[in-house]
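Trainee: Need a 3D model of the sequence below.
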Amino acid sequence: METAVPCASSTKLVRLAAVVALAACTRSAPDLPPDYGSVRPVNPLTIEDFPAYMQALDCGQIAARQVELTELNNRATDVIESNRTTNQVAGYFAALFLIPIIAVDSDEEQKAMLDRNQAELDRLAQLRRVKDCNG
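Mentor: Below is the predicted model of the structure:
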């Protein structure tokens, strides 16, 4: 009686497809900003370190913009998460049938927006500190 021998190449293809599917769901972490907020920062921030439009904001406007950006980020995250299942299913079928992964939506625009919004949120938090908005 013959015994089946697993095919090593199909196992590798399945693993590759799984990695590609998972990579489509992730985004790289944005670069960390310079250290301006430690106890003894090397370069303490001043109001002149901010663009003119940010300098003109009062504490209430800063807080409102932070809320707006957080809501935008939540919606973008919801879009990315809603596509995750579709992307995973596409990856599974690609692994099974060795077809190109054309159904995967990597949400690059949403991920780029999240990075931009997070950078602005970081700057707004710094501005709140410079303007002493926390009390």
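Trainee: What mean pLDDT does stretch 58-68 get?
Mentor: Average pLDDT, stretch 58-68: 96.
Trainee: In it, which residues are buried?
Mentor: 62, 65-66 (16 or more other Cβ atoms under 10 Å). All C-beta spots, glycine's among them, are computed from the backbone N, C-alpha and C.
Trainee: What is the burial count for Asn87?
Mentor: 22 (other Cβ atoms under 10 Å).
Trainee: how much space between it and Asp107?
Mentor: Relative to Asp107, Asn87 is positioned 9 Å away (Cβ to Cβ, to the nearest Å).
Trainee: Val130 contacts Leu45, doesn't it?
Mentor: Yes - judged on Cβ atoms under 8 Å, Val130 makes contact with Leu45 at a distance of 5.2 Å.
Trainee: after the helix or strand bottoming out on mean pLDDT in the chain comes which helix or strand?
Mentor: In the chain, the helix or strand scored least confidently by mean pLDDT, DSSP states H and E is helix 8-23, which has a mean of 64. Following helix 8-23 in sequence order, the next helix or strand is helix 52-55 (DSSP states H and E).
Trainee: list the buried ones in that next one?
Mentor: Met54.
Trainee: show me what contacts Met54?
Mentor: 123-124, 127 (Cβ atoms under 8 Å, 6 or more residues apart in numbering).
Trainee: With distance to Thr77, secondary structure and neighbour count as new columns, can the residues you listed be given to me in JSON lines?
Mentor: As requested, the contacts of Met54 are arranged in JSON lines below (distance: Cβ to Cβ, whole Å; DSSP: H, G, I helix; E, B strand; the rest coil; neighbours: other Cβ atoms under 10 Å):
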{"residue": "Arg123", "distance to Thr77": "20", "secondary structure": "helix", "neighbour count": "17"}
{"residue": "Leu124", "distance to Thr77": "19", "secondary structure": "helix", "neighbour count": "20"}
{"residue": "Leu127", "distance to Thr77": "24", "secondary structure": "helix", "neighbour count": "21"}
